[in-house]
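A.B. asks: Pasting the sequence and the predicted coordinates here, then a few questions.
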Amino acid sequence: MDVTVIAGGVGAARLLRGVQDIIPADQLTAIVNVADDCEIHGLWISPDLDTVTYTCAEAIDTDRGWGLGDESWQAMATLRRYTDSGVRSDLSWFNLGDRDLGTHLYRTSRRNEGAPLSVITQEITLAWGIEFAVIPATDDPIATKLMSSGNQLDFQEYFVRDQHSVAVESVEFVGAAAARPAPGVIDAINRAGVIVIAPSNPVVSIGPILAIPGIREALRERRSHVVAISGIIGGAALKGPADRLLAELGHRSTAAGVAELYADIAATMIIDEADRGLAAEITELGMTPIVTDTIMVDRSAAARLGTVCLSSSDHAR
């Protein structure tokens, strides 16, 4: 049975690391958010694609949750020499490790040669030994922009530079309306026996994917096969600003609030044991709630959650 995962960064990467252990690689596809992508120091960075790749290759820095392990930072130290001298304003708020730079150099050089991101991603994942398909949601440029105190912020300015400490008034996915799904995206949705919406930030990780014309519509057509996992547990996000973003944008910061965002495209909602009391609310949304342990403390826990995903869509039919 083919499985397609709609993916953001850390949470999705951990889920995929487990799912790749329980099904053949040729049956698994990840459709990954690219609205976080940015150009830094002339290099093209794809944070979610790289987090998925590095995590599933067992190369991720497990302490930071991003970048490569066994990293060094000599290039950034040299950059700070120039910014600390006062000649330029600070250019070093976005850290790039020396090993990680190699990925961005390769991606940028291939982009300059005219290769689409989907092809580049296939080349990068192959080099890291990833056997399942990793597809960017689109080859077209899209960008998450956030309004805070009347100022528009790029996603990385909000997330990295400001450490997502500022209140957000609105979110816009610039370019999404004109974007097209990357080759293979719609086919992966249409052929999958189970489609999993990973426990990624529903606003800024999953939201940009759903904003690309054709993707939400394809998921709606396959609703009985779609299983969503709440990344909000006990009213809080395990990592990142999802809980605050939901509240700031007028949504409920609960597993039921996440379910409301996915009710039209997912028939089944997986929630944590801590949120068992919300099952009735989710049922009222026309979704089937599945209660289980959703915290992926290790690879085996991720595989167990993946197993629940693979079997849970039967409850919705």
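C.D. replies: Nice, thanks for sending it over. Residues are numbered from 1 along each chain as shown.

A.B. asks: Could you report the separation of residue 214 from residue 178?
C.D. replies: Separation of residue 214 from residue 178 (Cβ to Cβ, to the nearest Å): 12 Å. In short, each C-beta sits where N, CA and C put it, glycine included.

A.B. asks: cool, residue 33 as well?
C.D. replies: Residue 33 sits at a distance of 17 Å from residue 178 (criterion: Cβ to Cβ).

A.B. asks: quick one: which of those two has more around it?
C.D. replies: residue 33 (31 against 12; other Cβ atoms under 10 Å).

A.B. asks: nearest residue to residue 205 other than its sequence neighbours?
C.D. replies: residue 8 (2.6 Å; Cβ to Cβ, 6 or more residues apart in numbering).

A.B. asks: is it true that the one you found touches residue 48?
C.D. replies: Yes. Look at residue 8 against residue 48 with Cβ atoms under 8 Å: they come within range, at 5.6 Å.

A.B. asks: any common contacting residues for those two?
C.D. replies: 32, 33, 205 (Cβ atoms under 8 Å, 6 or more residues apart in numbering).

A.B. asks: pretty sure the first one is in contact with residue 50, am I right?
C.D. replies: What it means is residue 32. No. Between residue 32 and residue 50 there is no contact under Cβ under 8 Å: 9.7 Å.

A.B. asks: ok, the two, which is more surrounded?
C.D. replies: residue 32 (30 against 26).

A.B. asks: And for the spatially closest residue to the more buried one that is not a sequence neighbour, the neighbour number?
C.D. replies: With sequence-adjacent residues excluded and distances taken as Cβ to Cβ, 6+ apart, residue 32 is closest to residue 7, at 4.8 Å. Neighbours of residue 7 under the rule other Cβ under 10 Å: 30.

A.B. asks: what about residue 8 and residue 48, which has more around it?
C.D. replies: Counted by other Cβ under 10 Å, residue 8 and residue 48 do not tie: residue 8 has more neighbours, with 30 against 27.

A.B. asks: Could you measure from residue 210 over to residue 250?
C.D. replies: 18 Å.
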